[in-house]
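# would you be able to build a 3D model of this:
(chains A, B, C and D)
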Protein chains: 4
Amino acid sequence: MEDVIIESIEEPKLANPILVVGLPGVGNVGKLAAEHMIYELKAKKFASIYSRNFPPQVFVNEDGTARLVSNDFYYIKAKKQNIMLLTGDYQGLTPEGQYDLAGAALDLVSKYGVKKIFTLGGYSTGRKTNSPRVFGATTDKKLVPELKKFGITFSPGEPGGGIIGASGLLIGLGKLRGIEGACLMGETAGYLVDPKSSRSVLEMLRKILGIDINVEELDVRAKQMDKVMAQLEKMNKQADKPSAEDLKYIG
Amino acid sequence: MEDVIIESIEEPKLANPILVVGLPGVGNVGKLAAEHMIYELKAKKFASIYSRNFPPQVFVNEDGTARLVSNDFYYIKAKKQNIMLLTGDYQGLTPEGQYDLAGAALDLVSKYGVKKIFTLGGYSTGRKTNSPRVFGATTDKKLVPELKKFGITFSPGEPGGGIIGASGLLIGLGKLRGIEGACLMGETAGYLVDPKSSRSVLEMLRKILGIDINVEELDVRAKQMDKVMAQLEKMNKQADKPSAEDLKYIG
Amino acid sequence: MEDVIIESIEEPKLANPILVVGLPGVGNVGKLAAEHMIYELKAKKFASIYSRNFPPQVFVNEDGTARLVSNDFYYIKAKKQNIMLLTGDYQGLTPEGQYDLAGAALDLVSKYGVKKIFTLGGYSTGRKTNSPRVFGATTDKKLVPELKKFGITFSPGEPGGGIIGASGLLIGLGKLRGIEGACLMGETAGYLVDPKSSRSVLEMLRKILGIDINVEELDVRAKQMDKVMAQLEKMNKQADKPSAEDLKYIG
Amino acid sequence: MEDVIIESIEEPKLANPILVVGLPGVGNVGKLAAEHMIYELKAKKFASIYSRNFPPQVFVNEDGTARLVSNDFYYIKAKKQNIMLLTGDYQGLTPEGQYDLAGAALDLVSKYGVKKIFTLGGYSTGRKTNSPRVFGATTDKKLVPELKKFGITFSPGEPGGGIIGASGLLIGLGKLRGIEGACLMGETAGYLVDPKSSRSVLEMLRKILGIDINVEELDVRAKQMDKVMAQLEKMNKQADKPSAEDLKYIG
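Residues are numbered from 1 along each chain as shown, chains lettered A, B, ... in the order given. Presented below is the predicted three-dimensional model:
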């Protein structure tokens, strides 16, 4: 089988689109942000990527239909900034798979003239906070002061271990093709889905792109998560702290 | 080596064949059902797939001959419905291998005009039952009400984790090629070979395809398994419960 | 890099050669037997295979020179039967690698007209014995009675788990190319290098091929191993039994 | 994606260059030595290799810029001996990846006429010493007496397990292409970054190549490490010895 199957649904014509990426990862910050944008901005799906680098798996929808796991491309026509969005069920399962998928995604969006990428993710500081900071890293030095103006935090040497996965790879490989890139990472405790962190990231993106995104829905989810966390803390006082593994899929 | 070696034994001419798939998996429900069909309906093998995605292994037959592990294709000429069957020793060892094998299988059956696939498998509910339900999932929405009429259970969001392995992949990848697909999953405790669950699945398939399959042999095996399970339960009362790992290959 | 690099040292002209294979494995029975044949019959190396399916490793010889790990082909010109021998440092590290290497080896020996393969290995019965039996399995039914006449044991359904690795794969894949094959497995306790088992296998091969091989050297090594094992047993009476892992490389 | 992306920065013209390799490994001896040469001899980067055999990762620099993990090639024009240097963030993650990367590196330097390779690494003797020996291994027998004259240790059968990773592979694969190679291994305890061992290796290289390298900086780092080790020993007297895993990244 080819490494990647691209199913084209529509071939949108967009002037100067940028790519925003939110795939599953730490605290699911990026994926949640991307899904929120798709919902609020009524993004339209125009392509899906299926790949042997994903698990051999179908998900079953509420109506009994099954769909093969995928990464999906959406677009948003907006006055200030046309946007392409990439989100999906999984990142590539292996390092090689990550590279192959990032390469395929860059091939696809390059055809549409994408020259700039923002990848969204979480940065696990282990610290619980009500106003998560958004850390930045960019493959283009001149973007550092620009992003700082919007309130993005650049902290020398952070994240210490670099950025692992699609968020780093897409801007790293993009740079080799002459595509500007920045990664915006919402601070998160890291082991729970973190809508509060996604909200912080989206607010930054809103300012950077000059687009309007309603984040109320994320506030609702954030409050639900606050209750879950309060509940968990209460439980922790009575018993051993549940492991990160146990909690990862809550929320 | 090529990823897949196809050994062609015969090139059957069949009008409008469908593909039924029963590979090793949860409770071996699918494989047992497929083997039963091969036996009862005197299916003829027409092709074997050997692949670097299987273990590097030969099995030794009773007569001292060795045969390389494989997946095998059979056909059944029947008045109501011509059938191709896929079963075998293993599923692909890696995610990539699963995709490659599913792609090769779809290539092969497409040449024979297959436009519809039923994959058979087990769904591990952890619940012991004398009348296992058969759950369904399909890549074609219009099949949901059709299958419900035959008694297939569609339970919103079940299986929760989707369907992992060839049973899901073949219908998922098939859909991308315009092939209709449904997965029929027999309810099973999951850690023992489960002929009772296979029987349930086959009875559903019998109704759906309008063919006759004698399932008495499976009843015999089911009774043997009931004895094994009763024996195990007795042992469990005296000792620690054996792990799923210990029991997986019994039966 | 290509999957396999073949370094050709010489292109021997041999009438009707057969291939004998002894690679590392259970009790190192096969490899030890092959190395003994190379030594006793003054076999000449004619080709080496280097491959990305082996570890990225060089071995350092006594004289300070380093050599890349490999599999190596030798030949023996003999009146009764010309022989090609395959032995080496490793088997392929992954299932895919095993298939690729077996394919490459078959490609190579097919060029020299090899139509029959004997793979040598160990069969771990866990039983300690002074006269290890030699079990057989073959891809060609008519070889069963022939081999039985020489004293090869064919025990229905043994080895139960089939034959895993190059010994099985080479005859399994060979059969698909019209090459006859048999695997001769010396009974062994399995966790120590077992010259006694190699000796049994070689004596069978000697009878089958009608060639003369002096096995005295193996008797010497077998006696040394008997002392090691007696020593180990004494130690075991005083302490916990050392794990198979600990002992595997002794001898 | 291709297995390897080569980013060419400059195409240096060098008469008779040799290649010196220092990649991450045991005690980081080789990498530290290579980085020291780059710094002291003002080496210029002329090419980078990006590869799906590395982790999918960017590192974040002090200034907020992100760079994709890579292996990098430098050159030094010197009167006595033109030098190409290979160092980088990682070795290939898998055996296959190691072979592919070594193949790509050899392809690249062969274009520049490299006919001799020195790979630098550590040899973990587990022994703490103030004057680490430098062990040698070479793919060219005539280099053994030459290197011995400079004080390189050739100890029969050492290292016992051979040389695993790029240091061994590059000279092993190089030999198949007619490139002379030697591996110089600094004795090291192995679990801490070891500038003292790097210093020993560089002093040998200095003599062999007839070039001048100031190693004072390494003396400073060695003294810092001595303090770290003294501190650790003090701690070990009070508590359990920390595992090699814990200490590996200190320094």
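# what parts of chain A come near chain D?
When proximity is defined as C-beta under 8 Å from any C-beta of the partner chain, chain A approaches chain D at A:92, A:95-96, A:98-100, A:102-104, A:136-141, A:144, A:154, A:156-159, A:162-166, A:168-169, A:171-173, A:175-176, A:181, A:183. Backbone N, C-alpha and C define where each C-beta goes, glycine included.
# if we use 6 Å, what do you get?
Contact residues (C-beta under 6 Å from any C-beta of the partner chain) of chain A with chain D: A:95-96, A:98-100, A:103, A:137, A:139, A:141, A:144, A:154, A:156-157, A:162-165, A:168-169, A:172.
# burial of the residue lying closest to A:Gly22 once chain neighbours are set aside, as a residue count?
Leaving aside its sequence neighbours, A:Gly22 sits nearest to A:Ala34 (C-beta to C-beta, 6 or more residues apart in numbering or on different chains; 2.6 Å). As a burial measure, A:Ala34 scores 26 neighbours (other C-beta atoms under 10 Å in any protein chain shown).
# about what we covered before: among the residues of chain A next to chain D, which lie within strands?
If you go by DSSP state E, the residues of chain A next to chain D have A:137, A:163-164 in strands.
# quick one, which of those residues are buried?
Buried positions within those, assessed by neighbour count (16 or more other C-beta atoms under 10 Å in any protein chain shown), are A:137, A:163-164.
# just the closest of those residues to chain B, please.
Comparing those against chain B with C-beta to the nearest C-beta picks out A:Ile164 as the nearest, at 19.5 Å.
# that older thread, look up how far B:Ala47 lies from the residue nearest to A:Gly22.
Distance of A:Ala34 to B:Ala47, computed by C-beta to C-beta, to the nearest Å: 44 Å.
# swap in A:Ala104?
Counting by C-beta to C-beta, the gap from A:Ala104 to B:Ala47 is 32 Å.
# those two: which is more packed in?
Set A:Ala104 next to B:Ala47 and count neighbours by other C-beta under 10 Å: B:Ala47 wins out with 23 against 20.
# all strands of chain A, in order?
Under DSSP E, chain A gives strands at A:4-8, A:18-21, A:44-51, A:57-60, A:66-68, A:71-76, A:83-88, A:116-124, A:134-138, A:163-164, A:180-188.
# one step back: who's in contact with the residue nearest to A:Gly22?
Contacts of A:Ala34 were listed using C-beta atoms under 6 Å, 6 or more residues apart in numbering or on different chains, and they are A:22, A:85, A:87.
# so which of the residues you listed is surrounded by the most neighbours?
Neighbour-wise, these (other C-beta under 10 Å) top out at A:Gly22, 31 neighbours.
# isn't that one right up against A:Gly30?
Yes. Shown here, A:Gly22 and A:Gly30 form a contact pair, counting by C-beta atoms under 6 Å, at 3.8 Å.
# quick one, helices of chain A?
Secondary structure of chain A (DSSP state H): helices located at A:29-40, A:95-111, A:143-149, A:166-176, A:195-209, A:216-238, A:244-247.
# of those helices, which is nearest D:Met1?
Nearest to D:Met1 among the helices of chain A is helix A:95-111; the distance by C-beta to C-beta comes to 3.6 Å.
# need the contact partners of that closest one.
A:3-4, A:19, A:51, A:53, A:84, A:92, A:169-170, A:173-174, D:1, D:52, D:55-56, D:93.
# of the residues you listed, buried ones?
A:3-4, A:19, A:51, A:53, A:84, A:92, A:169-170, A:173-174, D:1, D:52, D:55-56, D:93.
# which two from the residues you listed end up farthest apart in space?
Most distant of those, by C-beta to C-beta, are A:Met84 and D:Leu93, 30.5 Å apart.
# which residues touch A:Leu68?
Contacts of A:Leu68 (C-beta under 6 Å, 6+ apart): A:50, A:58, B:172.
# I'd assumed A:Val58 was in contact with the last one.
Yes. At 4.4 Å, B:Gly172 and A:Val58 qualify as touching, with contact defined as C-beta under 6 Å.
# poorly predicted segments of chain A, please.
Counting by pLDDT under 70, chain A has low-confidence residues at A:238-251.
# that older thread, which among the residues of chain A next to chain D end up buried?
Counted by 16+ other C-beta under 10 Å, the residues of chain A next to chain D give A:95-96, A:98-100, A:103, A:137, A:139, A:144, A:154, A:162-165, A:168-169, A:172 as buried.
# separation between the residue nearest to A:Glu62 when sequence neighbours are not counted and B:Val134?
Sequence neighbours aside, B:Pro156 is the residue nearest to A:Glu62 in space, at 4.6 Å (criterion: C-beta to C-beta, 6+ apart). Counting by C-beta to C-beta, the gap from B:Pro156 to B:Val134 is 16 Å.
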